[in-house]
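**Q** I would like to see how this sequence folds:
(chains A, B, C and D, ligands or ions: 4)
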Amino acid sequence: MNRKYLPLAATIVVFIALFLVGGAMYKNFLSTLVLGNILADNAFIIIAAIGATFVILSGGIDLSIGSMIGFVGVCMAVLDRMGWHPLAAAALMICFGIAYGAMQGFVIDFCDIQPFIVTLAGLFLLRGACFMVTLDSVPIRHDFVDLYASARIPLPGRGVLRSSAIVMLASLALAIFIAHFTRFGTNVYAIGGDKESARLMGVNIRRTTVGVYATGGFFSALAGVVYALYTSSGYPLAGSTLELSAIAAVVLGGTLLTGGVGMVAGTLFGGMILGLISTLIIFHGSLNSAWIMISSGVLLFAFIVLHRFLVSSFNLRGTS
Amino acid sequence: QTIGFSQVGSEGDWRPAFSANMQESAKDYGVDLKFANAQGKQEEQLRAVRAFIAQGVDAIIIAPVVVTGWDQVLREARDAEIPVFLVDRDVDVEDKSLYVTRISADFNLEGKLAGAWLAAESKGDCKIVELQGTTGSAPAIERKKGFEAVIGQFPAMEIVATQSGDFTTEGGKKVMEAFIKSTDNLDGICASFAHNDNMQLGAIQAMKEAGLNPGKDVQMVSVDYVPAIKDALDDGEANASVELRSAVGEFIYPVVLDYIKNPAELDKWIVIPSDLHTAD
Amino acid sequence: MSDSSTSLRVEMRGITKAFPGVRALDDVDFTLHAGEVHALLGENGAGKSTLIKILTGALERDSGEIRLDGTSVDFQSTGEAQSHGVSTVYQEVNLIPAMSVTKNLALGPSEGWPGVISWRKARARARAKLARLNLDIDIEQPVGSYSVAVQQLVAIAHALDNETSVLVLDEPTASLDAQETATLFDIVRDLKQRGMAVVFITHFLDQVYEISDRISVLRNGGLVGSAMASDVSRKDLISMMIGRELGEVEAAYSGKASPQTGKEKLVAKGVGRRRTLKPFDLTLRAGEVVGLAGLLGSGRTELTKLVFGAIRADSGSLKVNGKEAGSHSPRRSLAAGIAFCPEDRKAEGLVGELSIRENIMLSIQSKQGWLRRLPRGQQEQIAAEMIKALAIATPDAEKPVRQLSGGNQQKVVLARALASRPDILLLDEPTRGIDVGAHAEIITLIRKLCSEGLALLVASSELDEVVAASDRVAVLRDREKIGEIVGGEIRRDNIIRVIAGDDDRQH
Amino acid sequence: MGKDNHAAGLWRALMQSRAIWPLLALVLILIVAGLISPGFYEIRIVEGRLFGNLIDILYRAVPTALVALGMAVVIGTKGIDLSVGSIIAIVGAVIVWRIKMGDPHVAILFIALGAGILCGMWNGFLVAALGIQPIIATLILMVSGRGVGLLINQLYGGTDPSFESAFLQGLSTGSIWYIPTRLVLAAGIFAALWLLIRRTALGLFIEAVGGNAAASNLAGVNARLIVFFAYVLCGLLAAWAGIIMTADTHTSDPVSVGLYIELDAILAVVIGGGSLAGGRIYLGMTVIGALVIQSLTTATLISGLPPEYNLIIKALVVLTVLFLQSANARRAIHRLVYRRAS
Ligand SMILES: Nc1ncnc2c1ncn2[C@@H]1O[C@H](COP(=O)(O)OP(=O)(O)OP(=O)(O)O)[C@@H](O)[C@H]1O
Ligand SMILES: Nc1ncnc2c1ncn2[C@@H]1O[C@H](COP(=O)(O)OP(=O)(O)OP(=O)(O)O)[C@@H](O)[C@H]1O
Ligand SMILES: [Mg+2]
Ligand SMILES: [Mg+2]
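**A** Ligands and ions are numbered 1, 2, ... in the order given. Sure, this is the predicted structure:
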């Protein structure tokens, strides 16, 4: 096996191990129902994280994800109140996401400002914009939303694959294609690996940077749409601090935050591991708030250490 | 009985007390409580409710983070034949039969109580500074609405400055410090209304440090009635606090357990009374 | 000359470029004809790389005009230059280390933006490009896992494209062995035949005469002159470059008679590491220069790193100054008086953001410990001494090293090692990219240090340098030390014979 | 003529200096605030200490500035510390717990600092010894640290976490010679830190490790130890901020105290010219960065705008400052204006 698949394989192994441990500890855990829930409940995080994967692979970071999700949500809700069809509203918001992302990318490259700060300003700006749109949470009531909510593919066992999960898997396929089979994807890895070298090798840095953040914007807006449909509402505080979960999902999936190394597929499992950690804690159920927070940290730690251990031990054996 | 309880978070003094009360009094009622803390995120809450359904609990109690977005998951609970009870905040669903009942205090009423007390105290003539809760959060919105509904009746009552103190002592203190400067030492201000006690406690500190007399120069009214505000009331530094009970296990569990034993139609809102406490 | 004006490919007129504090190029003219190899020479910091960066769109010029095939051009990016048929191998190996060889070779200006890539085709193309350079490596491995020399070849492969009409090579041979250089030159000749115009920068004068048709010399940002290669003698060329005559330092070292007499400074017994280098024995004596010879990837770098403790040995024992060096690390080695100069200055040598002074101080300071900071005055004095001793071309010691020319960066790496006043000095490709004049001065300096009792180990891909400088040569092949050559036996042909394996000393 | 040249040279040097843009931003914000609120610059003496908006800005900026200084050091090593808010929460909980246990308050000061150091050591261990990426390594403490704080609160019951302590409150809200004590102490800490970074070789080592860890290692720098130390230092400074914040409100609120302070701290470092790519530490400019953020916050608070606008204003101001710092953007603006004029 090629060495570069190792972190991904280790992530999958750890996910399965954690899932089995949960199954051994709690009744009703080891079921397709729980698996389907993890897929659906984390769908928007994973979609956002897929966008973040591109940004991180390019050596950048996008902190505006959570606010974008909130902003898309409130706009969808307000547009619904104004009588728009949710799909039309979604299309508009996705265009907005792409445009906003592209603008961030342009500012980052043209003004040579660090992405952390530009997107942090984006975090403030979009959250502030949410409050401008509405302070209340607004329901989205439309037949399409009910249709979206009830559409599902049954899995063997009690579980179902909900529409959110389906959208998420489709985005994943799209993202894998973009990252690994297009020139743009290769350029993203290149500027993340070494921007100066990439520039000298003839990669168009500005176009790639703008493209990367536009892709990020697309996926976070899509995540916002999924979130809005999933909760059938818009809430100005929705998605707060979600950017951290998304970044954590990317990194847990084996992508290096310094850019240039990683895989989109890993992000799926990174996101599922975060969901699994929460689900395990909820199934346990007898922890108080303090221990809930502590144990999510401890589980995160355990996962990272296990992952490292797996990767390094395979690495040693692999080359001998 | 196994009951799943999805809590909003653990911010401030009030909510941890609420959570602790729920977990402790569960023992008295012989309930196996599955406690989940959403840390202020609706997605965590939806996850928790789904996990409760997957676990097959006997009933689910939700203290919602937001009012909207519940139709879908409540339908899933109904399909799994698990009754859902709301505590604390309300939900906005089309089909009210999706939950059994809401057992809680009334945020709007809390705001109104505070407003009414202040109107009586100031004889309907008062310039007020307001310390809001987290922007966009349900209690902040409701308490503001309730309060404004009452003072709207009195032409001479007016909110002259309002800012968010994020429900924290620190935030309340910072905001009050700024108010003190922007209103020239609270010149002409007759009252401070805070959406929770923690912010009011911060405000009291800020006023004392600026050489003002909270509770005397300015009427201090807030919501929650946590232990620390009791001391302030005793010292005369605060004037009134609307109690939001944290020991609500005794109100909630009997209703839930009764319902599990014999499911009967209940009122959609069982109101836990909010009392107004003053210095005396 | 009149006929060649019809085939004038590139014409640069009045190119000027200033950086804060330096005038890197001052009104420089440069022309390039189809079917010629034009060597661009000059001291370190003369402005060669700057000139070609301006030609290829990597830098903006302050003034001047560039014409390509008669039309005025203004490339905003290297990608744009590439699509106009100008490809370049820049001085610092510019590849993406974490990406596979295939992907690196597939990078470039993209036609049709969201283009889909067929990796099957890309792999075939990569193999073909590398085959042309006689390079047989696993193209799925990340480029960073290969040695600098291999990376250099991959960078050359990246620039070799049939669509290209102008090929610019900035010190492509600095880290190549004779064999790879020969392969490269065959290719260049072939391209020339087909009418391609080639710019070739190097500090090896032999190579200049071997391959180039015309020579231009830069000094201090100004053009000294251009001439046909056949019209200038080596001596004239050198004085054009450095502005004075060069003494006869390059003459063969005559002191090879007294080996094995100095005090044993460092003794390695069976030191090795699995999958890295087979256990070897090596002794370094005071006042002695030991050369390391071998082919590309034979393990010279590994050997120096093992001795320095940059790679941890898993067998054997190492004695430094008679004392057993227990667990060996760069920090301990430094404290024991060993200094090391790594081959990859960009990745392992320099901290680009820090100034020249700070880079030079790093080793001395870590020897002193963090609490005993050298006073600023003393730091400046040491830096100034080093800048003078190694002729580092810079306006002042506070310039970030990132902004220095390649050769001057290499001098800073050397300066750091020398400034820590070592008794044992390990140099891995120490003169990569250093100009003729400075090369001579550095060799003089190092010999002086040796005569004062320094033990020196030097790994170099320039066999002549090894022959010229060493009292003893250790030869490596396939990650194994296969022999030592001593004293008068040190001759180019002897070494090649040992490397090739028809020597009875093997195994 | 000569004088003119000299002035022009000075002007150019000024425009090229890193310090000018953040300072300019600070001055601009203060001017705008003065226009909004006429009494903005007034300084009086109330209750034995200086009192006024300008003092408030300095006073309120202290915790952010302290955390930002620690962050600057960590960022210098090419790291990041997301857990500073959690460290503040833990320190707050520890203080209240030890007070309720009846420890002498001077001892509590050291226990609290110890708690911060311990947290820093944990982060440093994960990053330097286990080699975990800093953002994820510190995320662990970020998510669990507030839980630890809650847990410590439970050690004494936790229903009423308020306390009184003349000593600790003196450190935070007291004053010496009309000057708030926390300012005096912060100035002392800044001086000590500056000496530590710039008058020992530590600063050089940190910047070298942040710039190129592999090269620094080969140059004999113990890169791991340096990185470890940076996190410990950051933990210590966050602990001091935690003491000030806890003593300020004399209560412990682990869930929300210092929420998002890590973002403000990082912002301060960047406004001060630091780069998240590591390799440089600018202590003085970081403090200016913290002052920019705090004056912005204070100005927004007194502006009378409803709180919904806070974030948008912050975003716009931050972007403007960064635009000004960007040479490329300045050039573009210049070109635009120039073309318009001609
Ligand atoms: N980005 C930069 N900023 C400031 N000065 C620079 C920059 N790039 C190059 N210089 C300066 O310009 C001068 C010319 O450098 P250049 O790289 O062209 O030299 P070179 O002739 O290629 O030397 P070498 O043989 O060492 O590669 C040097 O003094 C160098 O310090
Ligand atoms: N520290 C290291 N860890 C892993 N691999 C390494 C390390 N150092 C070198 N290598 C790899 O070992 C191989 C041998 O190359 P190396 O540079 O050691 O040979 P060499 O004889 O010095 O050749 P040259 O210097 O001419 O390139 C290369 O693929 C190189 O990338
Ligand atoms: Mg050069
Ligand atoms: Mg080598």
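
**Q** Please count neighbours and contacts with C-alpha atoms only from this point.
**A** Noted.

**Q** near chain D at all, the helix or strand encompassing B:Glu43?
**A** Assigned by DSSP states H and E, B:Glu43 belongs to helix B:42-55. No: residues of helix B:42-55 are not located near chain D by CA under 8 Å from any CA of the partner chain, the shortest gap being 14.3 Å.

**Q** and that helix, average pLDDT?
**A** Average pLDDT, helix B:42-55: 89.

**Q** Outside of it itself, list whatever touches it.
**A** Residues from elsewhere that reach helix B:42-55, judged by CA atoms under 8 Å, 6 or more residues apart in numbering or on different chains: A:27-29, A:33-34, A:37, A:41, A:238, A:278-279, A:282-283, B:4, B:6-8, B:36-38, B:60, B:64-66, B:73, B:77, B:80, B:82.

**Q** okay, it in CSV with CA atoms only?
**A** The C-alpha trace of helix B:42-55 is given here as CSV (Å, rounded to 0.1, in the frame of the first residue of the first chain):
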residue,chain,number,x,y,z
GLN,B,42,-28.8,23.2,18.5
GLU,B,43,-27.0,20.6,16.4
GLU,B,44,-25.7,18.9,19.6
GLN,B,45,-29.2,18.9,20.9
LEU,B,46,-30.7,17.3,17.8
ARG,B,47,-27.9,14.7,18.0
ALA,B,48,-28.8,14.1,21.7
VAL,B,49,-32.5,13.6,21.0
ARG,B,50,-31.8,11.2,18.1
ALA,B,51,-29.4,9.3,20.3
PHE,B,52,-32.1,9.1,23.0
ILE,B,53,-34.5,7.7,20.5
ALA,B,54,-31.9,5.2,19.3
GLN,B,55,-31.3,4.1,22.9
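
**Q** Could you check how far that helix is from the centre of its chain?
**A** For helix B:42-55, the separation from the chain centroid amounts to 23 Å (computed by CA atoms, centre = their mean, to the nearest Å).

**Q** As CSV, could you dump the C-alpha coordinates of stretch C:294-308?
**A** What follows is stretch C:294-308, C-alpha atoms only, in CSV (Å, rounded to 0.1, in the frame of the first residue of the first chain):
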residue,chain,number,x,y,z
GLY,C,294,30.7,8.4,-4.1
LEU,C,295,27.9,8.5,-6.6
LEU,C,296,24.6,10.2,-6.3
GLY,C,297,22.7,8.6,-3.4
SER,C,298,25.7,6.6,-2.2
GLY,C,299,25.2,7.8,1.4
ARG,C,300,27.7,10.7,1.8
THR,C,301,25.1,12.9,3.3
GLU,C,302,24.0,10.1,5.7
LEU,C,303,27.6,9.5,6.8
THR,C,304,28.2,13.1,7.7
LYS,C,305,24.8,13.3,9.5
LEU,C,306,25.5,10.1,11.4
VAL,C,307,28.8,11.5,12.6
PHE,C,308,27.2,14.8,13.6
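
**Q** Does ligand 2 have contacts with that stretch?
**A** Yes: using CA under 6 Å from any ligand atom, we find that stretch C:294-308 touches ligand 2 at C:Leu295, C:Leu296, C:Gly297, C:Ser298, C:Gly299, C:Arg300, C:Thr301, C:Glu302.

**Q** mind listing which of those are in helices?
**A** Among these, the members falling in helices (DSSP state H) are C:Arg300, C:Thr301, C:Glu302.

**Q** Most neighbours among those, which one?
**A** The most crowded member of those is C:Arg300, carrying 30 neighbours; neighbours defined as other CA atoms under 10 Å in any protein chain shown.

**Q** Next up, the contacts around it.
**A** Taking CA under 8 Å, 6+ apart, we find C:Arg300 in contact with C:Leu292, C:Ala293, C:Gly294, C:Asp428, C:Ala459, C:Leu476, C:Arg479.

**Q** right, and the third one touches C:Val473 too?
**A** The reference is to C:Gly294. No: assessed by CA atoms under 8 Å, C:Gly294 is found out of contact with C:Val473, at 10.1 Å.

**Q** mind checking which helix or strand C:Leu427 is in?
**A** strand C:424-428.

**Q** A:Ile61 and ligand 1, how far apart?
**A** Between A:Ile61 and ligand 1 the computed distance is 26 Å (CA to the nearest ligand atom, to the nearest Å).

**Q** err, C:Leu418, not the other one
**A** In terms of CA to the nearest ligand atom, C:Leu418 sits 19 Å off from ligand 1.

**Q** what are the ranges of the strands in chain B?
**A** Assigned by DSSP state E, chain B shows strands spanning B:2-7, B:32-37, B:59-62, B:84-87, B:101-104, B:125-132, B:156-164, B:191-194, B:219-224, B:240-243, B:269-271, B:276-278.

**Q** If you tally nearby residues, what's the number for whichever residue of the stretch 151-300 of chain D sits closest to ligand 2?
**A** Ligand 2 sits closest to D:Ala214 of the stretch 151-300 of chain D, with a gap of 10.3 Å, by CA to the nearest ligand atom. Residues contacting D:Ala214 under the criterion other CA under 10 Å number 19.

**Q** Touching, it and C:Glu348? I think so.
**A** Yes: D:Ala214 is within contact range of C:Glu348, at 5.5 Å (criterion: CA under 8 Å).

**Q** burial of C:Val22, as a residue count?
**A** 12.

**Q** meant to ask about C:Ala384, not that
**A** If we define neighbours as other CA under 10 Å, then C:Ala384 has 16 of them.

**Q** Contacts only, for it.
**A** C:Ala397 are the contacts of C:Ala384 under CA under 8 Å, 6+ apart.

**Q** For it, pull up the helix or strand it's in.
**A** helix C:376-389.

**Q** which is the next helix or strand following that helix?
**A** Going down the chain from helix C:376-389, the next helix or strand is helix C:406-419, by DSSP H and E.

**Q** can that next one be found next to chain A?
**A** No: using CA under 8 Å from any CA, helix C:406-419 stays clear of chain A, with a minimum separation of 15.0 Å.

**Q** Tell me the helices and strands packed up against that helix.
**A** The helices and strands touching helix C:406-419, judged by 3 or more CA pairs under 8 Å, 6 or more residues apart in numbering or on different chains; DSSP states H and E, are strand C:338-341, helix C:356-368, helix C:376-389.

**Q** starting at the chain centroid, how far to it?
**A** In terms of CA atoms, centre = their mean, the centre of helix C:406-419 is set 12 Å apart from its chain centre.

**Q** If you count neighbours, what's buried in that helix?
**A** Of the residues in helix C:406-419, those buried by neighbour count under the rule 16 or more other CA atoms under 10 Å in any protein chain shown are C:406-419.

**Q** and what of stretch B:206-216?
**A** For stretch B:206-216, by 16+ other CA under 10 Å, it's B:Ala206, B:Met207, B:Glu209, B:Ala210, B:Leu212, B:Asn213, B:Pro214, B:Gly215.

**Q** Confirm C:Leu282 sits in a helix?
**A** No: counting by DSSP: H, G, I helix; E, B strand; the rest coil, C:Leu282 is not found in a helix; it is strand.

**Q** Let me know the secondary structure of the closest residue to it other than its chain neighbours.
**A** Counting by CA to CA, 6 or more residues apart in numbering or on different chains, the nearest residue to C:Leu282 once its immediate chain neighbours are dropped is C:Ala268, at 5.0 Å. For C:Ala268, the reduced secondary structure class is strand; criterion used: three-state DSSP.

**Q** right, and C:Ala268 touches C:Leu303 too?
**A** No: with contact defined as CA under 8 Å, C:Ala268 does not reach C:Leu303; the gap is 10.6 Å.

**Q** Neighbour count: these two, which is higher?
**A** Neighbours per residue, other CA under 10 Å: of C:Ala268 and C:Leu303, the larger number sits with C:Leu303, 28 against 20.

**Q** Tell me how far that one lies from chain A.
**A** Computed as CA to the nearest CA, to the nearest Å, the C:Leu303 to chain A distance reads 20 Å.
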